[in-house]
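Trainee: Take a look and give me a structure for this.
(chains A, B, C and D)
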Protein chains: 4
Amino acid sequence: MSFLSRVAPALLISPLLAGPSLAEAVVVNGAISEAEVLAAQDAWCDALVSISTTYDADGQDAAKALAGDIIDAAYGYQMGAVLFKPTLTTAPQTFRTTREGALAYFVGDDPNFPGDTGFALKGWTACEAVNAAVFIEGSSATTMGNVSITNKDGSVTTVDKTWTFVKDDAGALRIMVHHSSLPFEG
Amino acid sequence: MSFLSRVAPALLISPLLAGPSLAEAVVVNGAISEAEVLAAQDAWCDALVSISTTYDADGQDAAKALAGDIIDAAYGYQMGAVLFKPTLTTAPQTFRTTREGALAYFVGDDPNFPGDTGFALKGWTACEAVNAAVFIEGSSATTMGNVSITNKDGSVTTVDKTWTFVKDDAGALRIMVHHSSLPFEG
Amino acid sequence: MSFLSRVAPALLISPLLAGPSLAEAVVVNGAISEAEVLAAQDAWCDALVSISTTYDADGQDAAKALAGDIIDAAYGYQMGAVLFKPTLTTAPQTFRTTREGALAYFVGDDPNFPGDTGFALKGWTACEAVNAAVFIEGSSATTMGNVSITNKDGSVTTVDKTWTFVKDDAGALRIMVHHSSLPFEG
Amino acid sequence: MSFLSRVAPALLISPLLAGPSLAEAVVVNGAISEAEVLAAQDAWCDALVSISTTYDADGQDAAKALAGDIIDAAYGYQMGAVLFKPTLTTAPQTFRTTREGALAYFVGDDPNFPGDTGFALKGWTACEAVNAAVFIEGSSATTMGNVSITNKDGSVTTVDKTWTFVKDDAGALRIMVHHSSLPFEG
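Mentor: Have a look, this model is predicted:
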């Protein structure tokens, strides 16, 4: 971006040439920062554990209500659809492009999704994301890497996961793409 | 983005829940930072002064060659067109959507633009941008405010200016929109 | 995008290779089309005339209420600020980054903006935009060109105008950048 | 975007109010269309089959050269990294963020990736994408759905696949995200 240094490298810039500042400017910044991406991943992990914890403490209805709130706050179904391929779904209900399909995946209890037993109810106690790569396009950011989740008995499941977060008009990151898969067994 | 704090504010996050990091991740970041915006404005100002200085020291041809290099490095004519309304152009050649039109505006000497006398050749010695507002959309950023340029005799001209910078594939900011106008005299 | 034609131009694509379709797909499209840009310009022109018409028919209060509704629907002040340089403002109130400043410019009647007499109240009967260039970046689009507005007596005023429209979460275009200026008198 | 119809639904728009057009405007359009997305998927499918066909007809070196050309033309490794999780990779080489890793996956023959036997060399004769959902953000577009590939013996393998395409400065779509996985076996 320092085009001047490329086109006129020998030019002596006078210190009298004051540069611009943002001291007096109003700044509206719709770009996503790396810190916001990490915080959104953190929040997803915390949310998964919180649904499990709520289920154990307060039962199915409480877990379902919490999962609904989390989906409404963290995913972008309001924008028309989410590209969501959960880890454990099968055809013909593999892709959960609707809020109803996402909720059924996380907490089950939906006759329209008879195969769902509630992924978030399985006693998860910890969750950690380790990114292989992050691509920030501007107002959207995609991460790819592993997410490891720990069960009550201490066993750890690691999945391959891709998330795309988009900043909404209110400045919140929302998941618009979520592809999760078990590692290939060679 | 802290949706969890909104939906489950009382949740105690265990310190055992390690958060994600970017330590091992490859990061490709196409968003524009505020610092990049300011540096691009700085570079534009420096470039204007450098063309004036080159003209005085080395003549018209040297100034024209430098201006061409600057346009190629700092504007986005490679992408098909730039939305450029210079301060002092008049109809029917008000808008300079081509490289040729931009070059003529800055250094004149083009029979296709007979009204152009070379805005960048007028002995500018200093240039400063003061932003009223900045809007960063992601991979593009727009600034609006004043730019003040100082002549050899110390007189200062202030214009109202809007720039949109877009980050290209190589990571450089390029001007895609440039609207400059003299202040309205009420 | 036709990379295959570049890397394997002689390849015969079998008609048995069925291509993808969107017949079964849910599509969320946040990009701005050229038609949407033109419609948004049209709507701005219509809104200007409607404020004038309302002022003549129903008075200042009605015009002010309508202008407020129009600003709320057509500009992006909800996102934090708009980069708005109206045609006829002067320092130190040149830039109207707040809703209050925009409303005062259009309909006056605000002691905080004593220089404003209400640009939209001047009896405009027609308005037309003629674009010199349009740059669609994706979810934002910028136009540059002339806007000609006709008064009751048939006189036409032409200004140089730049608009950037951004598609909001609800799919509506909002003006985030608006720089208008009288043509330079050489 | 029709804000006027919302704020002044009863307003009669005079046919004398000519609307804007793009007849005289230069248009630079960086948004991705649905047709471009489908064409890019088609091209990926065709490329896979072409590598198989080339391998059978001309051998390993020819297939490797073609695969390299395809990766250079269709993926975005030039931008720093691609978020690529191929169908059949395993830890610790699951994610192929480099060109070298992508090439090894497609055609093998790389001692740095000893587990790779060349996915594109397996005699593929047909390839078809069926989208479940498409999200066009502007200058990027993401698809999620199934891709079915047919072998010489007529057997079909179907995978779950997410692609994000980004339009580069030259107007070509490049894959920046590619997550492919075998369906979960419940």
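Trainee: measure residue A:50 to residue A:65 for me?
Mentor: Residue A:50 sits at a distance of 12 Å from residue A:65 (criterion: Cβ to Cβ, to the nearest Å). C-beta coordinates here come from the backbone N, C-alpha and C atoms, glycine included.
Trainee: More neighbours: these two, which one.
Mentor: residue A:50 (23 against 14; other Cβ atoms under 10 Å in any protein chain shown).
Trainee: what secondary structure does that one sit in?
Mentor: Put simply, residue A:50 is helix when judged by DSSP: H, G, I helix; E, B strand; the rest coil.
Trainee: Can you tell me what sits against stretch A:81-91?
Mentor: Residues from elsewhere that reach stretch A:81-91, judged by Cβ atoms under 8 Å, 6 or more residues apart in numbering or on different chains: A:75-76, A:94-98, A:101-102, A:105, A:115-116, A:119, A:159, A:164, A:175-182, C:26, C:28, D:132-135, D:142-144, D:160, D:162, D:181, D:183-186.
Trainee: filter those to the buried ones?
Mentor: Buried members of the contacts of stretch A:81-91, scored by 16 or more other Cβ atoms under 10 Å in any protein chain shown, are A:75-76, A:94-98, A:101-102, A:105, A:116, A:119, A:159, A:164, A:175-181, C:26, C:28, D:132-135, D:142-144, D:160, D:162, D:181, D:183-184.
Trainee: State the pLDDT value of the residue nearest to residue A:27 when sequence neighbours are not counted.
Mentor: Distance criterion Cβ to Cβ, 6 or more residues apart in numbering or on different chains; nearest residue to residue A:27, sequence neighbours excluded, is residue B:134 at 4.8 Å. We have a pLDDT of 97 for residue B:134.
Trainee: is it fair to say residue B:134 lies in a strand?
Mentor: Yes. Residue assignment for residue B:134, taken from three-state DSSP, places it within a strand.
Trainee: What residues does chain A have near chain C?
Mentor: Applying Cβ under 8 Å from any Cβ of the partner chain, one finds that chain A approaches chain C through A:26, A:28, A:30, A:78, A:79, A:80, A:81, A:97, A:139, A:168, A:169, A:176.
Trainee: Would you check which pair of those residues lies furthest apart?
Mentor: Greatest spatial distance among the residues of chain A next to chain C (Cβ to Cβ): A:26 and A:97, at 37.6 Å.
Trainee: quick one: pLDDT of residue A:22?
Mentor: pLDDT at residue A:22 comes out at 70.
Trainee: so where do the strands sit in chain A?
Mentor: Along chain A, counting by DSSP state E, strands occupy A:26-29, A:83-85, A:126-136, A:140-150, A:156-167, A:173-181.
Trainee: so residue A:124 makes contact with residue A:48?
Mentor: Yes. Using Cβ atoms under 8 Å, residue A:124 is in contact with residue A:48, at 5.6 Å.
Trainee: Near the closest residue to residue A:167 other than its chain neighbours, how many other residues are there?
Mentor: Excluding its sequence neighbours, the residue lying closest to residue A:167 (Cβ to Cβ, 6+ apart) is residue A:139, at 5.0 Å. Neighbours of residue A:139 under the rule other Cβ under 10 Å: 27.
Trainee: and if you look at residue A:90?
Mentor: 11.
Trainee: Tell me which residue of chain A lies closest to chain B.
Mentor: residue A:138 (1.9 Å; Cβ to the nearest Cβ).
Trainee: and that residue, what does it touch?
Mentor: A:30, A:31, A:32, B:30, B:31, B:32, B:137, B:138, B:139, B:140.
Trainee: Can you pick out the most distant pair from those residues?
Mentor: Distance extremes for the contacts of residue A:138: the farthest pair is A:32 and B:140 at 14.0 Å, using Cβ to Cβ.
Trainee: who's more crowded, those two?
Mentor: residue B:140 (29 against 24).
Trainee: got the contact list for that one?
Mentor: Contacts of residue B:140 (Cβ under 8 Å, 6+ apart): A:138, B:32, B:164, B:165, B:166, B:167, B:176, C:137, C:140.
Trainee: and which of those is nearest residue A:37?
Mentor: Distances from residue A:37 to these, taken by Cβ to Cβ, are shortest for residue A:138, at 12.6 Å.
Trainee: what's the distance between the nearest residue in space to the residue of chain A closest to chain B that is not next to it in sequence and residue B:178?
Mentor: Spatial nearest neighbour of residue A:138, excluding adjacent residues (Cβ to Cβ, 6+ apart): residue B:138 at 1.9 Å. Computed as Cβ to Cβ, the residue B:138 to residue B:178 distance reads 20 Å.
Trainee: Likewise for residue A:93?
Mentor: 52 Å.
Trainee: same thing with residue A:67?
Mentor: Applying Cβ to Cβ, the value for residue A:67 to residue B:178 is 49 Å.
Trainee: go on, residue A:22?
Mentor: From residue A:22 to residue B:178 the distance is 19 Å (Cβ to Cβ).
Trainee: Would you map the helices across chain A?
Mentor: Under the criterion DSSP state H, chain A contains helices at A:3-7, A:34-58, A:60-74, A:99-107.
Trainee: Please identify the most buried of those.
Mentor: Of all the helices of chain A, helix A:99-107 carries the top mean neighbour count, a mean of 22, counting by mean count of other Cβ atoms under 10 Å in any protein chain shown.
Trainee: Tell me the helices and strands packed up against it.
Mentor: On a contact count with 3 or more Cβ pairs under 8 Å, 6 or more residues apart in numbering or on different chains; DSSP states H and E, helix A:99-107 meets helix A:34-58, helix A:60-74, strand A:83-85.
Trainee: The longest one near chain D at all?
Mentor: No. Judged by Cβ under 8 Å from any Cβ, helix A:34-58 stays clear of chain D, getting no closer than 12.7 Å.
Trainee: what is the mean pLDDT for that helix?
Mentor: Mean per-residue pLDDT for helix A:34-58: 98.
Trainee: Any idea how far it is from the middle of the chain?
Mentor: Mean C-alpha position of helix A:34-58 versus that of the full chain (Cα atoms, centre = their mean, to the nearest Å) differs by 10 Å.
Trainee: tilt between it and strand A:126-136?
Mentor: Orientation check (axes from the mean of the first three to the mean of the last three Cα atoms, to 10 degrees): helix A:34-58 against strand A:126-136 gives 150 degrees.
Trainee: what are the bridge partners for the residue nearest to residue A:29 when sequence neighbours are not counted, then?
Mentor: Among residues not flanking residue A:29 along the chain, residue B:136 sits closest, at 4.4 Å (Cβ to Cβ, 6+ apart). Beta-bridge partners for residue B:136, by DSSP bridges, are residue A:29, residue B:141.
Trainee: So in chain A, where's the weakest helix or strand by average pLDDT?
Mentor: Lowest on mean pLDDT, DSSP states H and E among the helices and strands of chain A sits helix A:3-7, with a mean of 39.
Trainee: quick one: contacts for residue A:106?
Mentor: Contacts for residue A:106 (Cβ under 8 Å, 6+ apart) come out as A:51, A:67, A:71, A:118, A:119, A:120.
Trainee: Please identify which of these is nearest to residue B:110.
Mentor: residue A:71 (60.0 Å).
Trainee: Isn't residue A:96 up against residue A:102?
Mentor: Yes. Proximity of residue A:96 to residue A:102 meets the contact threshold set by Cβ under 8 Å, at 5.0 Å.
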